[in-house]
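**Student:** here is a sequence with its predicted model. Questions after.
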Amino acid sequence: MDQFQAGKYISQGYYSSFQPENINRVWQVNDLELLNLLSKADRYIGRLDMYSNYVNIDLFIHMHIAKEATLSSKIEGTQTNVEESFLRQGEVANEKRDDWEEVQNYVNAMNQAVALLKELPFSSRLIRKAHKTLLTGVRGETKQPGEFRKSQNWIGGATLNDATFIPPVHTSVADFMSDLEHFANNEFNQLPDLLKIGIIHYQFETIHPFLDGNGRVGRLLITLYLVNKNILKRPVLYLSDFFERNRILYYDNLMHARTSNDLIQWLKFFLTGIIETAQKGVSTLDAILKLKQEVEIEIKTLKGRADDALIILNFLYTHPIIDVNKVEELIGKSNVTSYKLIADLEKMGILEEITNSQRNRIFAFRKYIYLFD
């Protein structure tokens with residue numbers, strides 16, 4: 001890996017595009033610091049994955065995906081918070097509706113792609129399907145959703161002339177993505193999977209195969225790959241938070257690998273993100289379990305309404321925003337009874353009104369939401 005050659009710039013007339021080397025080849029790793037980080041990353045991911053064995057992870061996984069969608073889209077400039085991502089379309093302010101739609105698409109893309117892994121391998125076809133879901137009906141819908149680009153794109157700058165980075169010419173995208181797919185599924189390649197997905201992410205961002213949405217798809221692929229390889233039973237590891245907080249380092253390390261042939265430094269940064277994110281995931285799930293236990297003990301003190309309150313609580317773990325109509329639907333009781341239950345949950349600090357209005361009031365399970373911040 002210390003002999004890594006990232007690629008070379010090829011003149012396309014008035015600009016030069018970067019043509020990366022293929023990655024489906026034999027790799028050798030002998031950097032002790034990298035191997036030490038790999039060992040730690042494996043341990044911490046194993047601890048995070050343990051929760052799939054003894055926790056009903058379905059109660060929490062939607063919240064993880066919603067946060068990932070919000071953070072991943074934030075990197076692209078979208079400004080929707082986690083609470084807003086759970087609102088219905090009609091409840092979202094007009095000026096935030098486009099952002100809200102993009103987050104919904106990200107959630108749908110993740111869910112659909114994880115489901116498709118039962119039918120499809122980790123492949124260009126799967127990647128294109130996820131991309132199509134991401135861009136359908138939002139600001140990138142004119143940018144060939146679900147199709148590899150048929151023209152030159154660039155990163156940074158207003159034009160090709162002042163671009164920070166110009167990915168490979170569009171006629172080579174299909175070949176590069178085929179190489180990436182073969183590398184991802186090459187069972188004879190003994191490179192550890194965490195290093196493989198680190199290289200895959202780097203190569204995907206270098207190819208930049210779509211006209212729009214490459215960043216979101218590239219981050220989504222990390223989780224999909226780990227699920228596909230059974231490193232994670234469920235998609236509970238998301239790196240967007242780490243990439244967002246270290247945005248400059250993220251882009252600098254990617255670019256440094258291309259300009260200095262230093263893939264090892266990129267992989268060290270990537271594994272550091274895996275370790276930190278897995279540690280935070282374990283802490284978050286621990287905190288959720290404690291909150292669940294505390295809240296359920298408190299709910300049992302509600303005379304005559306404890307069972308209904310528990311129904312609402314279980315709903316809130318997958319959808320931490322609720323209104324009285326939803327409460328009525330869940331417990332099958334009158335509007336008056338539902339409002340009384342909401343009032344009880346407000347007094348306990350479980351629900352908090354977030355609309356500041358007398359009608360169509362919406363409530364959030366903020367104690368739960370805050371655990372993901």
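**Tutor:** Yep, that arrived.
**Student:** mind listing what's buried in stretch 153-168?
**Tutor:** N153, W154, I155, L160, A163, F165, I166, P167, P168 (16 or more other CB atoms under 10 Å). In this view, the C-beta of every residue, glycine as well, is placed from N, C-alpha and C.
**Student:** for the residue nearest in space to the middle of the chain, give its distance to L191.
**Tutor:** When CA atoms, centre = their mean is applied to the chain, the residue found nearest the centroid is E68 (3.9 Å). As judged by CB to CB, to the nearest Å, E68 and L191 stand 26 Å apart.
**Student:** please apply the same query to L254.
**Tutor:** 19 Å.
**Student:** what residues does the lowest-mean-pLDDT helix or strand in the chain touch?
**Tutor:** Least confident helix or strand of the chain, by mean pLDDT, DSSP states H and E, is helix 58-75 with a mean of 72. With contacts defined as CB atoms under 8 Å, 6 or more residues apart in numbering, helix 58-75 is touched by 78, 80-82, 85-86, 99, 102-104, 106-107, 110-111, 215-216, 219-220, 223, 234-236, 238, 240-241, 243-244, 247, 281, 285, 288, 314, 317-320, 368-369, 372.
**Student:** just the buried residues from those residues, in PyMOL please.
**Tutor:** Burial among those is assessed by 16+ other CB under 10 Å; the matching PyMOL selection reads:
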select buried, resi 78+80+82+85+86+99+102+103+104+106+107+110+215+216+219+220+223+234+235+236+238+240+241+243+281+285+288+317+320+368+369+372
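**Student:** helix/strand/coil for N53?
**Tutor:** Classification of N53 using DSSP: H, G, I helix; E, B strand; the rest coil returns helix.
**Student:** contact partners for the closest residue to V324 other than its chain neighbours?
**Tutor:** Spatial nearest neighbour of V324, excluding adjacent residues (CB to CB, 6 or more residues apart in numbering): S338 at 5.1 Å. By CB under 8 Å, 6+ apart, the residues touching S338 are V324, V327, E328, I331.
**Student:** and of the residues you listed, the nearest to F122?
**Tutor:** V327 (41.2 Å; CB to CB).
**Student:** correct me if wrong: that closest one contacts I311.
**Tutor:** No. The pair V327 / I311 is not scored as a contact, 9.0 Å apart, by CB atoms under 8 Å.
**Student:** circling back to that earlier point, of the contacts of helix 58-75, which belong to helices?
**Tutor:** 82, 85, 99, 102-104, 106-107, 110-111, 215-216, 219-220, 223, 240-241, 243-244, 247, 281, 285, 288, 314, 368-369 (DSSP state H).
**Student:** okay, domains of the protein per the record?
**Tutor:** 30-284, 300-370 (automatic domain parsing).
**Student:** from these, which stretch is densest packed?
**Tutor:** Among the domains of the chain, ranked by average contacts under mean count of other CB atoms under 10 Å, first place goes to domain 30-284 (a mean of 18).
**Student:** next, the nearest residue to L226 once chain neighbours are set aside: secondary structure please.
**Tutor:** Using CB to CB, 6+ apart and skipping the chain neighbours, the partner closest in space to L226 is L232 (4.5 Å). State at L232, reduced to three classes by three-state DSSP: coil.
**Student:** for L232, give me its contacts.
**Tutor:** Neighbour list for L232: I45, L48, D49, S52, T223, L226 [criterion: CB under 8 Å, 6+ apart].
**Student:** could you list the low-pLDDT ranges of this structure?
**Tutor:** 54-56, 59, 72-80, 140, 358 (pLDDT under 70).
**Student:** thought I331 was touching I312?
**Tutor:** Yes. Under the criterion of CB under 8 Å, I331 makes contact with I312 at 7.1 Å.
**Student:** give me the common contacts of the two.
**Tutor:** Going by CB under 8 Å, 6+ apart, residues that sit against I331 and also against I312 are L341.
**Student:** keeping just the C-alphas, turn the helix or strand encompassing T259 into PDB.
**Tutor:** In the assignment (DSSP states H and E), T259 maps to helix 247-260. The C-alpha trace of helix 247-260 is given here as PDB (Å, rounded to 0.1, in the frame of the first residue of the first chain):
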ATOM      1  CA  ARG A 247     -15.200  18.400   7.000                       C
ATOM      2  CA  ILE A 248     -11.900  20.100   6.100                       C
ATOM      3  CA  LEU A 249      -9.800  17.100   7.100                       C
ATOM      4  CA  TYR A 250     -12.200  14.800   5.200                       C
ATOM      5  CA  TYR A 251     -11.700  16.700   1.900                       C
ATOM      6  CA  ASP A 252      -8.000  17.300   2.600                       C
ATOM      7  CA  ASN A 253      -7.300  13.600   3.200                       C
ATOM      8  CA  LEU A 254      -9.100  12.500   0.100                       C
ATOM      9  CA  MET A 255      -7.300  15.100  -2.000                       C
ATOM     10  CA  HIS A 256      -3.900  14.300  -0.300                       C
ATOM     11  CA  ALA A 257      -4.300  10.700  -1.400                       C
ATOM     12  CA  ARG A 258      -4.700  11.800  -5.000                       C
ATOM     13  CA  THR A 259      -1.900  14.300  -5.100                       C
ATOM     14  CA  SER A 260       0.700  12.600  -2.900                       C
END
